[in-house]
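K.L.:
okay, predicted coordinates and the sequence, questions at the end:
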Amino acid sequence: MVHSSVLGFPRMGVLRDLKKANEAYWAGKLSKEDLLAEGKRLRLEHWKIQKDAGVDIIPSNDFAFYDHVLDHIQLFNAIPERYSSQGLDRLDEYFAMGRGHQKDGVDVPSLEMVKWFDSNYHYVKPTFQDNQSFSLNDNVKPVKVFQEAKDAGIITRPVILGPVSFLHLGKADRDQTVDPISLLEKLLPVYVELLTKLKEAGAEYVQIDEPILVFDLPQKVKDAFKPAYAKLTDSNLPKLVLATYFGDIVHNTDVFPALSGVAAIHIDLVRNPEQLETVISKLRDKQVLSAGVVDGRNIWKTNFKRAIEIVESAVQKLGKDRVIVATSSSLLHVPHTLDSEKKLDTEVKDWFSFAVQKASEVTIIAKAVNDGPASVKAELEANAKSVQARSSSKRTNVPHVKERQEKIKAEDHNRQSPFPERYSQQKEHLKLPIFPTTTIGSFPQTKEIRIQRNKFTKGEITAEEYEKFIEKEIDEVIKIQDELDLDVYVHGEPERNDMVQYFGERLDGYVFTTHAWVQSYGSRCVRPPIIVGDISRPAPMTVKESKYAASVAKKPMKGMLTGPITCLRWSFPRDDVHQSVQAQQLALALRDEVIDLEAAGIFVIQVDEPALREGLPLRSGKEREAYLSWAVDSFKLSTAGIKDSTQIHSHFCYSEFQDFFHAIAALDADVLSIENSKSDAKLLKVFVDQAYPRHIGPGVYDIHSPRIPSEQEIKDRIAEMLQYLRPDQLWINPDCGLKTRQWKETKAALTNMVQAAKYYRSQQK
Ligand SMILES: CN1c2c(nc(N)[nH]c2=O)NC[C@@H]1CNc1ccc(C(=O)N[C@@H](CCC(=O)N[C@@H](CCC(=O)N[C@@H](CCC(=O)O)C(=O)O)C(=O)O)C(=O)O)cc1
Ligand SMILES: N[C@@H](CCS)C(=O)O
Ligand SMILES: [Zn+2]
């Protein structure tokens, strides 16, 4: 019999309950016991949802208070000494690694947080020492939660991150040189101990994630699978289901012999259905295929006909007992339930499926294959109708958008003059000092701002009242920037709920939700808008606020837009047209906005593209170059319609920029601000090696943590940067926007930043 399975469930709860509980705990308003109890309540609720949906194989240990990779760092006691030596209790030590800790005489920054593959989820990077050792933490969480589910009458399949992925996704700590994969020998006994305990607790199967198999791997990492899975596939241990997702693994099937002891292999057949045949041909006798046919990364209803065909073709080769119907990845990346959406247009609502609905989808597909289509006739008919309605909807084919796309010319992508000429006009026009200081756009999104926006959304205050409130906020941030003596101002983005959702709400071709939250990192969530059709801009989106801000500011005001690729990547995109088409439509809409901002007197315009790197196909090669070509073209199309004297900035966070440096350079932005404070300044060498001519602001401090950097720390950072960058090229700014911070720490950090810039300015005289 074909079984149904879910690889992981969203953690936040129907009303972002986990976010609220975590933040209350951090604010000292919820006890540790109550936070732990809330975690337990959520886990039980999520298991029950899946059980009620009829899912055969339900995951446990997919829940994490902050991040599942961070859970493993603590589970294996891979805790850097700067955290373990602070005398913090286990929970606070865990949060200290995730978000830093500056309280009661303890002052430690967080570990680095980076993108989880090509998603908008961020994980905490394991950080290893040259003399690293591992042991099993005495709080063996996977065992505890397995037991918790068992006590509730649910036998789950625990999920753990595999040893090769855990090491490969980590790095040597600052000033350490250890190669993470060389630690495998030391780590494996701890995995064996963990698996033994899971077996003792009654776990027959364990899902072991090795998602790095979708990458191009160095030979030594590939080689690591052999010793690893020789040790972990033992009859005294639970049977293993090795899961991969977000790409194909055909190029790594040479590691399959090393995996011959695992009971099943899971592959993502939404992203790469074509890998099915090859993977099946490489399975050894009796090995099971877990077929990921329900999209864990997007919100579209599964096309049952197509999914059933895929599963049946696997069944024909392997038999029903050797096939599992599964979600393509964890459902962490989709919102909790469609049932919460009371305001969605019914036409489009019928096209969507969120986590709760996807749990049912795997069971319907499994039933159709097990008992025949007649057993789920009504479900299949309704699904076919909805798939058909979507493909013939007017929203997906808007003639005026198509016509405009057809008329785009090559020269529409280029600024009028090369950088040196543009820069001399900008210098004349903007009159900025050397080491100009600026911020990345957002200032703290205070409780008051959210309350007022919430009232406006609910119709409790009028548009005029809301507008007045926003103007008052802008007045305040301008006053603060005067006091701080920054050089290029921002309006603070108080009117924006989110840098992508805000634009989605103002563009035709999008719909947006009220509750469809997805975890981005820690307690932070996003509500990605959904691209349902061809995109166009019915009216200016940001001009009113920027124009107002410029009218009251004494210094240049930076206009602030989210670039086409970031809008695309942080939305739920269409799956019926290529992403390059959607990016180009977004670029045309943004091009009009850039031109309108300039006409309104905004002469510095920042077009943020933090998701450009994240969109890079996970494997190097032709596909990457093709992506970068249309992605860069979209950015250029959106920014090239203005005069030379207007300065274009772009911003990148969450990006290891070295491996796509040529694309960043090709954007031809006058100024780049990049996240850098937690990376080695040595990485800036690429700008020297490539003789990068334009201007750069590598972030001088981390904005994800409430910790305040001292003036000396920032000076030291600038000194490091000046080893690689010319003084006339360097801007001084934080890593990213300040929306998640409190005002108190923001003012203190920016005061230190401006002082540090002034110090270097004085040294130049
Ligand atoms: C830069 N980043 C972003 C990413 N993706 C995006 N789509 N946007 C980004 O900015 N990816 C990479 C990084 C990830 N970083 C962040 C940083 C911060 C957040 C964040 O702060 N998220 C907020 C939610 C933001 C939002 O949409 N707010 C709305 C609704 C606020 C709300 O909760 N309202 C309450 C009622 C009001 C009240 O009483 O407080 C409610 O609805 O219940 C708004 O401001 O209007 C978060 O809180 O998690 C995310 C990613
Ligand atoms: N302008 C945005 C960029 C975030 S990546 C902000 O400042 O929040
Ligand atoms: Zn950023």
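P.N.:
All right, it came through fine. Numbering: from 1, shown residues only. Ligands and ions are numbered 1, 2, ... in the order given.

K.L.:
hmm, who's touching stretch 340-354?
P.N.:
Residues from elsewhere that reach stretch 340-354 (CB atoms under 8 Å, 6 or more residues apart in numbering): 14, 299-302, 334-338, 361, 386, 389-390, 393, 395, 511, 513-516, 530, 532. Just so you know, the C-beta spots here come from the backbone N, C-alpha and C atoms, and that holds for glycine as well.

K.L.:
for stretch 591-606, same thing?
P.N.:
When contacts are defined by CB under 8 Å, 6+ apart, stretch 591-606 is touched by residues 429-430, 440-441, 488, 537, 540-543, 546-547, 550-551, 556-561, 607, 637-643, 645-651, 673.

K.L.:
you'd agree Y83 is up against E93?
P.N.:
Yes: with contacts counted by CB atoms under 8 Å, Y83 reaches E93, the gap being 5.4 Å.

K.L.:
and the contacts of stretch 591-606, which of them are buried?
P.N.:
429-430, 440-441, 488, 537, 540-543, 546-547, 550, 556-561, 607, 637-642, 645-651, 673 (16 or more other CB atoms under 10 Å).

K.L.:
quick one: the helices in the stretch 401-550 of the chain?
P.N.:
For the stretch 401-550 of the chain, applying DSSP state H, counting those that start in this stretch gives helices covering 419-430, 447-457, 463-484, 501-504, 543-552.

K.L.:
what about the contacts of stretch 591-606, which are in strands?
P.N.:
When the contacts of stretch 591-606 are checked against strands (DSSP state E), the matches are M557, K558, G559, M560, L561, V607, Q647, I648, H649, S650, H651, S673.

K.L.:
can you list the residues of the stretch 401-550 of the chain near ligand 2?
P.N.:
Counting by CB under 6 Å from any ligand atom, the positions of the stretch 401-550 of the chain adjacent to ligand 2 are I440, G441, S442, M499.

K.L.:
could I get these in TSV, plus columns for pLDDT and distance to ligand 1?
P.N.:
Converted to TSV, these look like this (pLDDT from 0 to 100; distance: CB to the nearest ligand atom, whole Å):
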residue	pLDDT	distance to ligand 1
I440	98	9
G441	98	10
S442	98	8
M499	97	5
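
K.L.:
ok, which pair from the residues you listed is furthest apart?
P.N.:
Considering CB to CB, no two members of those lie farther apart than I440 and M499, which are separated by 10.3 Å.

K.L.:
shared neighbours of these two, anything?
P.N.:
In the contact map built from CB under 8 Å, 6+ apart, the residues linked to both I440 and M499 are D608, G737.

K.L.:
which parts of the stretch 351-500 of the chain sit against ligand 1?
P.N.:
If contact is defined as CB under 6 Å from any ligand atom, the residues of the stretch 351-500 of the chain in contact with ligand 1 are Q445, K447, R450, I451, R453, N454, N497, D498, M499, V500.

K.L.:
neighbours around the fourth one, how many?
P.N.:
A count of nearby residues for I451, using other CB atoms under 10 Å, gives 12.

K.L.:
for ligand 2, what is the nearest residue in this structure?
P.N.:
Proximity of the chain to ligand 2 (CB to the nearest ligand atom) peaks at G737, 2.0 Å away.

K.L.:
so who does that residue touch?
P.N.:
Counting by CB under 8 Å, 6+ apart, the residues that G737 touches are T439, I440, G441, S442, E493, M499, I703.

K.L.:
tell me which residue lies nearest the centroid of this protein.
P.N.:
The centroid of the chain falls nearest to N120 when counting by CA atoms, centre = their mean (1.5 Å).

K.L.:
mind checking how far that residue is from Q585?
P.N.:
The span separating N120 from Q585 equals 20 Å under the rule CB to CB, to the nearest Å.

K.L.:
do a quick rundown of the strands in the stretch 651-765 of the chain.
P.N.:
Assignment of strands within the stretch 651-765 of the chain using DSSP state E, counting those that start in this stretch yields the ranges 671-674, 695-698.

K.L.:
could I get these in TSV, plus columns for mean pLDDT and distance to ligand 3?
P.N.:
Supplementary listing: the strands of the stretch 651-765 of the chain in TSV, determined by pLDDT from 0 to 100; distance: least, CB to the ion, whole Å:
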stretch	mean pLDDT	distance to ligand 3
strand 671-674	96	8
strand 695-698	96	12
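
K.L.:
got those strands as a markdown table, with distance to Q742 columns?
P.N.:
Converted to a markdown table, the strands of the stretch 651-765 of the chain look like this (distance: least, CB to CB, whole Å):
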| stretch | distance to Q742 |
| --- | --- |
| strand 671-674 | 22 |
| strand 695-698 | 23 |
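
K.L.:
winner for burial among the helices of the stretch 401-550 of the chain?
P.N.:
Mean neighbour count (mean count of other CB atoms under 10 Å) peaks for helix 501-504 among the helices of the stretch 401-550 of the chain, with a mean of 23.

K.L.:
got the CA coordinates for that helix in PDB?
P.N.:
Listed next in PDB are the C-alpha coordinates belonging to helix 501-504 (Å, rounded to 0.1, in the frame of the first residue of the first chain):
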ATOM      1  CA  GLN A 501       3.800  42.800   0.600                       C
ATOM      2  CA  TYR A 502       3.500  46.600   0.400                       C
ATOM      3  CA  PHE A 503       4.200  46.600  -3.300                       C
ATOM      4  CA  GLY A 504       2.100  43.500  -3.900                       C
END
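
K.L.:
would you check that E148 makes contact with R43?
P.N.:
Yes: at 6.6 Å, E148 counts as touching R43 under the criterion of CB under 8 Å.

K.L.:
when the two are compared, which one has more neighbours?
P.N.:
Residue environment comparison for E148 versus R43 gives the larger neighbour count to R43, 21 against 17, counting by other CB under 10 Å.

K.L.:
which SS class is the more buried one?
P.N.:
What DSSP: H, G, I helix; E, B strand; the rest coil gives for R43 is helix.

K.L.:
for it, which non-adjacent residue is closest in space?
P.N.:
With CB to CB, 6 or more residues apart in numbering as the measure, F63 is the residue that lies nearest to R43, at 5.0 Å, once sequence neighbours are left out.

K.L.:
I'd assumed L44 was in contact with that neighbour.
P.N.:
No: here F63 does not reach L44: they are 10.2 Å apart, not a contact under CB under 8 Å.

K.L.:
who has more neighbours out of the two?
P.N.:
More crowded of F63 and L44, by other CB under 10 Å: F63, with 22 against 15.

K.L.:
low-confidence regions, the stretch 51-200 of the chain specifically.
P.N.:
Segments of the stretch 51-200 of the chain classed as low confidence (criterion: pLDDT under 70) are not present in this model.

K.L.:
what parts of it come near ligand 1?
P.N.:
N120.

K.L.:
tell me where the stretch 251-400 of the chain has helices.
P.N.:
Assigned helices in the stretch 251-400 of the chain, in chain order: 276-282, 304-318, 346-349, 355-371, 377-391, 399-406 (criterion: DSSP H, counting those that start in this stretch).

K.L.:
mean neighbour count and mean pLDDT for those - can I get that in TSV?
P.N.:
Rendered in TSV, the data for the helices of the stretch 251-400 of the chain read as follows (neighbours: other CB atoms under 10 Å; pLDDT from 0 to 100):
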stretch	mean neighbour count	mean pLDDT
helix 276-282	17	98
helix 304-318	18	98
helix 346-349	13	96
helix 355-371	22	98
helix 377-391	15	97
helix 399-406	12	98
